[in-house]
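Student: Based on what follows, work out the 3D shape:
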Amino acid sequence: MAEATIAIPVPTAEPTAAPANRRVFRGGFSTSICDIFRDPSRRTDCCAIACCGVLSSDRNRYLLFGELPPPLWRRLLMYLIIPALFIASLNYFSVEVTIPASYGNDQQQRDDNGDTNTTIKVAPLPLRLAFYAYLIFLGIRGRIEKRKTRKEIMTKLYSERASARGEEVDPNQMARYLHQHRLDVVRAHSSYSCCYARDDLPLDDNNMFEDGAVEEDFCSRFWDCLSKTFWSACCGMWCQCYSACAIAQEEREIERLTGNVEPKLDYITFEPFSEYFPAIQHLNENQISSFKEHARAISKLSVNLLKNVAAFLAVLVLFALSDIDKNFTFANMLVLLLTLSQAFFLEYIIWWRWNRFDISFDSVIKFFACGFLLTTPMAMVFELIVSIVTGLISMIAFIFILVEDSELVDKLRTDPKHAMKDLAVGHPALFIFSLFLNAFIIAAVCEETIKYFGYWMVVTPDLLPQKRSNDTNIENEENTPNTKSVRSTGSGITVAMCTVALGFACCENLLYVFGYTPSQSLGVEIETLIVRSIFPVHPLCAAIQSIGVCKRDLEGQRGVGIGRIISPAILLHGSFDFVLMVAAYLQQVKKIKEGNDDDSDIPKEDEAVMTADDIPVMVFSFGMVLVGYIYYVWQSRAQTKRLIAMDRTITIDESSTLV
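Tutor: Residues are numbered from 1 along each chain as shown. Sure, this is the predicted structure:
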């Protein structure tokens, strides 16, 4: 089951010495398994959640063992292609089985349809068992690798404590120690359990400790409150999903043990910044405007991303030309390319035309890929979780209405479809309240928060702390290669956050055009794309967020946390969605009252998605976007003046130092 790996040199630095009286958690770790997101300055915790922790797990094994991750084609084969072939085979070899209709609840259906039997498709049992066995194999294989990493970390921690006491490491005692903590290793990475015994209490009464001062923000306080509810209070356990908390804990410990606390290399390829960033610096210092030269100065990770995108698009073109699927023709492929081109055109305006020397083409590729590939799936998962909670809130309000309206209860039993129409007409407050939760909580809060963390977890050398000739606080100059002005760094932050949002919006547009559009009409797909392209809400909200990020990271305003950063964007995003949702609800109520509601949400081939009634709503929405843009320009100009003043102050300080 173990794969042959090649050990390669790992960039190392002096390990961060642990204080003698540091707090020791279960397994000897210096941080709790529940300390994920406790430190707002940490950027790698987000990677423990993205892609189910694959990125962080790969980095942990690389720093600990010097093992490179398997190539992308092997992972696609194991985790995508083979499961897809299994699913296709289950569908192809399934046979129809006739099941006699049961009595009771199906009696009315038999009387209406005249059918007495039910036909279902069943796949062969051996094929189903093989599919389940393969999924179990993948789960076990991943858990074995993760547990191996955790045991190695615990071994190093045991040796570190023994060395601190001036003792020699006894292999027998170490083996007994690992045996005593075997259940902790299993529970940290388990396929069938998400519970890990609470480890934030001292191991004994004499365990005195000092916690480092960590400046908290809204996110860290919210996480602390969430982690201490239910599971911790009632069961005395932490709850995690896909070993995310354990992976983040291991990454924090590995960084301390190997001295790789500061970012020095890319994820996936683990190419050091020092190998490709000098070429980027050369372009910026000499103001070289050739796009060909900028395209050459990129990292191996960016090259791999571009190659995989090109290969994927080539496969899609061949699939569209093959005419295998009538719902995806070459015309649909052109719509897909138009959707991508819309995002690329905005990126051209934001980056190449205005800020090509503030952030590199390499960083643009990475931020866009993060927005497209990582933030969109995470947003969908978190929106699903939050929608369940908000749905329960709406359900409670719905129950109160049913208690007071017995006729509605009777109608729900006999004719639920028309009962819901009567509910929509007779109780608008319930629907508007649900739309408010959907717009502001499910959509705005989740998406704006995820987009912020999408920017935060991508570390590129362009945006690292600046190196100045009179900066005596920098211990390792290799970690601070950036010599740009503060204003240029601020522009780079804005472009980076907008790029993540463009990647997110591009993927979302593809989902709306090809997935959520009720009709497969080509005209409807194009109209959906045009309507969504008119209002670039996602990049505008990201630009507004960048104002707060620059205040915190460049201007040094410590009172600016994640809450103040994303709040204006949430207000704009939520208001925009809320207006559209309420307008659609009012139009539907109008149709119900007029009797024009035909119970069909699928537009006909010659029916437009937009009607004359939508024009006032579109104008109002455009006005909201315009207000958001004016607010950004106002804040951005004021901030630019402050950043220019900071650059002048730094220049004067450097000149006085040289004199």
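
Student: gap between the residue nearest to the spatial centre of the chain and Pro568?
Tutor: The residue lying closest to the centre of the chain (C-alpha atoms, centre = their mean) is Thr375, at 3.0 Å. Thr375 sits 19 Å away from Pro568, going by C-beta to C-beta, to the nearest Å. To be clear about C-beta, it is placed using only N, CA and C from the backbone, and glycine gets the same treatment.

Student: Asn304 now?
Tutor: Per C-beta to C-beta, Asn304 is found 36 Å from Pro568.

Student: Neighbour count: these two, which is higher?
Tutor: Taking Asn304 and Pro568 together and counting by other C-beta atoms under 10 Å, Pro568 has the greater number of neighbours (19 against 14).

Student: Excluding chain neighbours, give the residue nearest to that one in space.
Tutor: In space, not counting the residues next to it along the chain, Pro568 is nearest to Ile544; the distance is 5.1 Å by C-beta to C-beta, 6 or more residues apart in numbering.

Student: need the strands for the stretch 451-600 of the chain, in chain order.
Tutor: According to DSSP state E, counting those that start in this stretch, the stretch 451-600 of the chain carries no segments that qualify as strands.

Student: which residues of it fall in helices?
Tutor: Along the stretch 451-600 of the chain, counting by DSSP state H, counting those that start in this stretch, helices occupy 486-510, 522-534, 537-553, 562-594.

Student: angle of the first one against helix 562-594?
Tutor: Looking back up the chat, that one is helix 486-510. 30 degrees (axes from the mean of the first three to the mean of the last three C-alpha atoms, to 10 degrees).

Student: In three-state terms, label the residue nearest to the centre of the chain for me.
Tutor: Here Thr375 is recorded as helix under DSSP: H, G, I helix; E, B strand; the rest coil.

Student: Distance-wise, check it relative to Glu383.
Tutor: When C-beta to C-beta is applied, the distance between Thr375 and Glu383 equals 12 Å.

Student: For whatever helix or strand Thr149 lives in, buried residues please.
Tutor: According to DSSP states H and E, Thr149 maps onto helix 125-164. Along helix 125-164, the positions that meet the burial threshold by neighbour count (16 or more other C-beta atoms under 10 Å) are 131, 142-143, 145-150, 152-158, 160.

Student: next one: stretch 448-464
Tutor: Within stretch 448-464, the residues that qualify as buried by neighbour count (16+ other C-beta under 10 Å) are 448-464.

Student: Now it: average pLDDT?
Tutor: Per-residue pLDDT over stretch 448-464 has a mean of 91.

Student: Tell me the span between the first and last residue of that stretch.
Tutor: Distance between the boundary residues of stretch 448-464 (C-alpha to C-alpha, to the nearest Å) amounts to 23 Å.

Student: got the phi/psi numbers for Gly561?
Tutor: Backbone geometry at Gly561, expressed as degrees, to the nearest 10, gives phi -110, psi -170.

Student: count of neighbours near it?
Tutor: Using other C-beta under 10 Å, Gly561 is surrounded by 19 other residues.

Student: distance of it from Ala50?
Tutor: In this structure, Gly561 and Ala50 are 22 Å apart, going by C-beta to C-beta.

Student: Could you do Gly503 as well?
Tutor: Counting by C-beta to C-beta, the gap from Gly503 to Ala50 is 13 Å.

Student: ditto for Thr44
Tutor: Going from Thr44 to Ala50 by C-beta to C-beta gives 11 Å.

Student: Spell out which residues are contacts of both of these two.
Tutor: Any residue near both Thr44 and Ala50 by C-beta atoms under 8 Å, 6 or more residues apart in numbering counts here, and that gives Met457.

Student: where exactly do the helices run in the stretch 301-450 of the chain?
Tutor: Counting by DSSP H, counting those that start in this stretch, the segments of the stretch 301-450 of the chain that form helices are 330-347, 361-369, 376-404, 406-414, 416-426, 428-436, 446-456.

Student: what's the closest of the ones you listed to Ala279?
Tutor: helix 361-369 (9.3 Å; C-beta to C-beta).

Student: so how far is the closest one off the chain centroid?
Tutor: Mean-position distance between helix 361-369 and its chain equals 16 Å (C-alpha atoms, centre = their mean, to the nearest Å).

Student: pLDDT score assigned to Ile432?
Tutor: What the model reports for Ile432 is a pLDDT of 92.

Student: switch to numbering from 27
Tutor: Understood, numbering begins at 27; the last thing we discussed is Ile458.

Student: Quick one: low-confidence residue ranges for the stretch 377-526 of the chain.
Tutor: 491-509 (pLDDT under 70).
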